[in-house]
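*Asks:* Curious how this folds, go ahead:
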Amino acid sequence: MFIQSTLAKRIAVVALVVGATLAAGTSSILTSPEPANAMPVLGRELASQISTMSTGEDQVLALTGESAEARNALIPVSKARIETPGLFGRREMSATSQATAEKCLAQAIYYEAALEPESGQRAVAQVVLNRVRHPAYPNTVCGVVYEGVDRPVCQFSFTCDGSLLRAPSAGYWDRAKRIAHEMMNGGSAPEVGTATHYHADYVVPRWAYTLGKITQIGRHIFYRFPGRAGSGASFIQRWSGLEHIPQIDFERLRVKLAANEAEELSPVAAFVPGTTVVADVKDRHAEADVGGRLDTTTTWRLSIPDPVQLSATYKATLAGQGEKIAEPAEPAGASE
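*Replies:* A predicted model of the protein is given here:
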């Protein structure tokens, strides 16, 4: 099991940061009770919501689709200056733990941002490393990436939506591994500063209104904690160096992936009653109006009459309106 605090302990740690610890510049993990003069950094209400603040769509969303892009653009950028969380300090670790950490980081880069520009991929990696250093999150790379894998909401959606069952594309995977290695060895994405959250611009999660918006890179919008919790001084947690990928219920992922694929392949709308034609979003008629659609399961077929072979009723109507009625020409040789 990857190293992480219980939810109750993490909420307490996030809610207060010890002033004396910050002054001393220590990088130890805060586990002891906070003194009376501790400075509050994060409201308990927000701290209690952290476990549901996902990068995917398995959370409470305000909007999706094109309207979400417009709404995201209206969220103001935070006026707080962009800070850096400092160098990513870590203990000496075995080659195995180093490789495991880089694999987890590469997975986050690939499955979350494979089609994003390289700057966007580095920004995603920066979010992971920032979380490792923030007391609100586990103190390992794999612990951060796989947090929530056994809960209803995963922090990084790819760990529980079945994406891991899809083999990565070689070229994109190689790039993700390279970026992960560089970021684990001193690389950074300063444009996102102390960002700990991001989401795609085609969704608007409820938590977007509670954090500080920093910037958008590609399709991802990046956020930091509000106030002191998002400042560089709060990133004091030290990487444990004990990396481990948790056990995953791949059978559950297969079921989830199959359900997702079935939903993607389902038609836009159900069959219109009485027809064998699937409704199309480009149709310009009411849902209850079959609008010229043909039911090919019946023997009825569309028949357009010869316009010159007018019925007696139609001729009488035209005559009453003073219209001249054109008579059909006699076939050639008929008067002979």
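
*Asks:* mind showing which ranges of the stretch 101-250 of the chain have poor pLDDT?
*Replies:* Scanning the stretch 101-250 of the chain for pLDDT under 70 picks out nothing.

*Asks:* Can you show me the helices along it?
*Replies:* Taking DSSP state H, counting those that start in this stretch, the helices of the stretch 101-250 of the chain run over residues 118-133, 141-145, 170-184, 250-265.

*Asks:* Which strands or helices does the first one pack on?
*Replies:* Helix 118-133 is packed against helix 95-113, helix 141-145, helix 170-184, strand 197-200, strand 212-217, strand 220-224, with contacts defined by 3 or more CB pairs under 8 Å, 6 or more residues apart in numbering; DSSP states H and E. The C-beta positions use only the backbone N, C-alpha and C, and glycine is treated the same way.

*Asks:* phi, psi of residue 82?
*Replies:* phi -80, psi 120 (degrees, to the nearest 10).

*Asks:* Distance-wise, check it relative to residue 256.
*Replies:* Going from residue 82 to residue 256 by CB to CB, to the nearest Å gives 37 Å.

*Asks:* can you check residue 186 too?
*Replies:* 37 Å.

*Asks:* Which one of those two is surrounded by more residues?
*Replies:* residue 256 (17 against 8; other CB atoms under 10 Å).

*Asks:* For that one, list the residues it contacts.
*Replies:* The contact partners of residue 256, by CB atoms under 8 Å, 6 or more residues apart in numbering, come to 160-162.

*Asks:* who wins for neighbours among those?
*Replies:* residue 160 (25 neighbours).

*Asks:* phi, psi of the nearest residue to it once chain neighbours are set aside?
*Replies:* Distances taken as CB to CB, 6 or more residues apart in numbering place residue 154 nearest to residue 160, at 4.0 Å, with adjacent residues excluded. Phi and psi for residue 154, reported as degrees, to the nearest 10, are phi -90, psi 140.

*Asks:* hmm, back to that, for residue 217, state which of the contacts of residue 256 is nearest.
*Replies:* residue 161 (22.4 Å; CB to CB).

*Asks:* which residues touch the closest one?
*Replies:* 56, 58, 154, 253, 256-257, 260.

*Asks:* likewise residue 141?
*Replies:* 101, 104-105, 128-129, 132, 184, 239, 243.

*Asks:* Same list (these) but as CSV, adding neighbour count and distance to residue 142.
*Replies:* Formatted as CSV, those follow (neighbours: other CB atoms under 10 Å; distance: CB to CB, whole Å):
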residue, neighbour count, distance to residue 142
101, 28, 6
104, 25, 4
105, 26, 9
128, 25, 10
129, 23, 12
132, 26, 10
184, 19, 12
239, 22, 11
243, 23, 5
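
*Asks:* Return the closest of these with respect to residue 118.
*Replies:* The closest of the contacts of residue 141, once distances to residue 118 are taken by CB to CB, is residue 105, at 14.6 Å.

*Asks:* which residue packs closest to the closest one, ignoring adjacent ones?
*Replies:* residue 180 (4.0 Å).

*Asks:* How about residue 249?
*Replies:* residue 150 (8.0 Å).

*Asks:* ok, how many other residues are close to the one you found?
*Replies:* With other CB under 10 Å as criterion, residue 150 counts 15.

*Asks:* how close does it sit to residue 51?
*Replies:* Taking CB to CB, one finds residue 150 at 12 Å from residue 51.

*Asks:* again, but for residue 86
*Replies:* 26 Å.

*Asks:* what about these two, which has more around it?
*Replies:* residue 51 (17 against 13).

*Asks:* Can you check the pLDDT for the more buried one?
*Replies:* For residue 51, the model assigns a pLDDT of 86.

*Asks:* how far away is it from residue 210?
*Replies:* 14 Å.

*Asks:* Kindly report the same for residue 196.
*Replies:* 12 Å.

*Asks:* Same check on residue 59?
*Replies:* Residue 59 is 13 Å from residue 210, by CB to CB.

*Asks:* Am I right that residue 62 is in a strand?
*Replies:* Yes - counting by DSSP: H, G, I helix; E, B strand; the rest coil, residue 62 is found in a strand.

*Asks:* Between residue 196 and residue 210, tell me which one has more neighbours.
*Replies:* For residue 196 versus residue 210, neighbours defined as other CB under 10 Å are more numerous around residue 196 (26 against 16).

*Asks:* What distance do you get for the more buried one to residue 174?
*Replies:* From residue 196 to residue 174 the distance is 28 Å (CB to CB).

*Asks:* What of residue 225?
*Replies:* For residue 225 relative to residue 174 (CB to CB), the value is 33 Å.
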